[in-house]
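S.K.: Kindly generate the corresponding structure for this input.
(one chain, ligands or ions: 2)
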Amino acid sequence: MSVKINLIKHKILSENWFVLHNYTYDLTRHNGETLRHKREVYDRGNGATILLYNREKNSVVLTRQFRVATWVNGNESGMLIETCAGLLDDDSPEECIRKEAVEETGYVVGKVEKLFEAYMSPGGVTELIHFFAAEYDESQRDNAGGGVEDEDIDVLEIPFPQALAMVKDGQIRDGKTIMLLQHAQLAGWLRNA
Ligand SMILES: Nc1nc2c(ncn2[C@@H]2O[C@H](COP(=O)(O)OP(=O)(O)O[C@H]3O[C@H](CO)[C@@H](O)[C@H](O)[C@@H]3O)[C@@H](O)[C@H]2O)c(=O)[nH]1
Ligand SMILES: [Mg+2]
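M.R.: Ligands and ions are numbered 1, 2, ... in the order given. Below is the predicted model of the structure:
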C-alpha cells in the first residue's frame, strides 16, 4: 500500500547546530482521500554504533556520559550507559565507527560486522543509525578512551549477564544499546549466565 505525497511548503525553523524543518504536504491515501499534514522534522545527521564484545570474558564494552536530552526528561543524573556511537559527519558508517571506537573506548577494532540499520525516532527525527559489532581484547587497547574535545566519556567493561540485568532493572535505557545487547543474546555470541 502506498500513498502519494505532494510537498506544499518547506521552511527552516532553526539552523543552529542541527536543523529543524517544517514541512507542509498533502498526503493522498490509497482510497483517494487527501490529508494536509504540517510536520516538524529534526535533522541531526545520521550515526553509527558498535557493540564491542569478548566471547572468552563474556563481556561487553559500553560508555557512560551525560546526555542533556535525558536529563530534561526523567533521567535524574543525566548519565546514560550506551554502546559507543558517533555522528557520521563526512565518513562512511564503517569509517565513522572505527574512529569512534578508538576515541570513545580506546580500542582499535579489527573486523567489524554490519548488522542492520534503523530509524530511531521516525515520528520527527530523520536520523538513521548503522549498527555494527566487533570482538575486542586487551591487545587492541590503544588508549584509555574518553572521547575528544568537550566529551567526557567513561569506559565500562561489563559482564554480559550484568548488562542484561541492567536492561531489566532500568540502569540501561538507551534504545541502540538494548537492541545490540539483545542481538548478541539472540545470535548466541555471549552467555546469559
Ligand atoms: N556545540 C555543540 N556541540 C554539540 C551539539 N550537539 C552535539 N554536539 C557535539 O557533537 C559531538 C557529537 O559526538 P559524537 O560521538 O559524534 O555523536 P554522539 O552524540 O555520541 O551521537 C551518537 O549517539 C547518538 C545517541 O544515540 C545518536 O543519536 C547519534 O546518531 C550518534 O550515533 C559531541 O562532541 C557533542 O558535544 C550542540 O548542540 N552544540
Ligand atoms: Mg559519541
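S.K.: so residue 38 sits right up against residue 27, yeah?
M.R.: No - taking contacts as Cβ atoms under 8 Å, residue 38 lies outside contact range of residue 27: 11.3 Å. For glycine as for every other residue, the C-beta is placed from the backbone atoms N, C-alpha and C.
S.K.: Tell me where the longest helix sits in this protein.
M.R.: helix 175-187 (DSSP state H).
S.K.: Name the residues of it that are buried.
M.R.: Residues 176, 177, 178, 179, 180, 181, 184, 185 are the ones in helix 175-187 that count as buried (16 or more other Cβ atoms under 10 Å).
S.K.: list the contacts for the last one?
M.R.: It refers to residue 185. 164, 192 (Cβ atoms under 8 Å, 6 or more residues apart in numbering).
S.K.: does any part of the longest helix of the chain sit near ligand 2?
M.R.: No - under the criterion of Cβ under 5 Å from the ion, ligand 2 is not reached by helix 175-187; the shortest gap measures 10.9 Å.
S.K.: Off-centre distance for that helix?
M.R.: Mean-position distance between helix 175-187 and its chain equals 12 Å (Cα atoms, centre = their mean, to the nearest Å).
S.K.: Kindly export it (C-alpha atoms) in PDB.
M.R.: Output in PDB follows, covering the C-alpha atoms of helix 175-187 (Å, rounded to 0.1, in the frame of the first residue of the first chain):
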ATOM      1  CA  GLY A 175      17.500   2.100  22.500                       C
ATOM      2  CA  LYS A 176      20.500   1.300  20.400                       C
ATOM      3  CA  THR A 177      22.300  -0.300  23.300                       C
ATOM      4  CA  ILE A 178      19.300  -2.500  24.200                       C
ATOM      5  CA  MET A 179      19.000  -3.600  20.500                       C
ATOM      6  CA  LEU A 180      22.700  -4.600  20.300                       C
ATOM      7  CA  LEU A 181      22.700  -6.500  23.700                       C
ATOM      8  CA  GLN A 182      19.600  -8.400  22.600                       C
ATOM      9  CA  HIS A 183      21.100  -9.100  19.200                       C
ATOM     10  CA  ALA A 184      24.200 -10.600  20.900                       C
ATOM     11  CA  GLN A 185      21.900 -12.700  23.000                       C
ATOM     12  CA  LEU A 186      19.900 -13.900  20.000                       C
ATOM     13  CA  ALA A 187      23.000 -14.600  18.000                       C
END
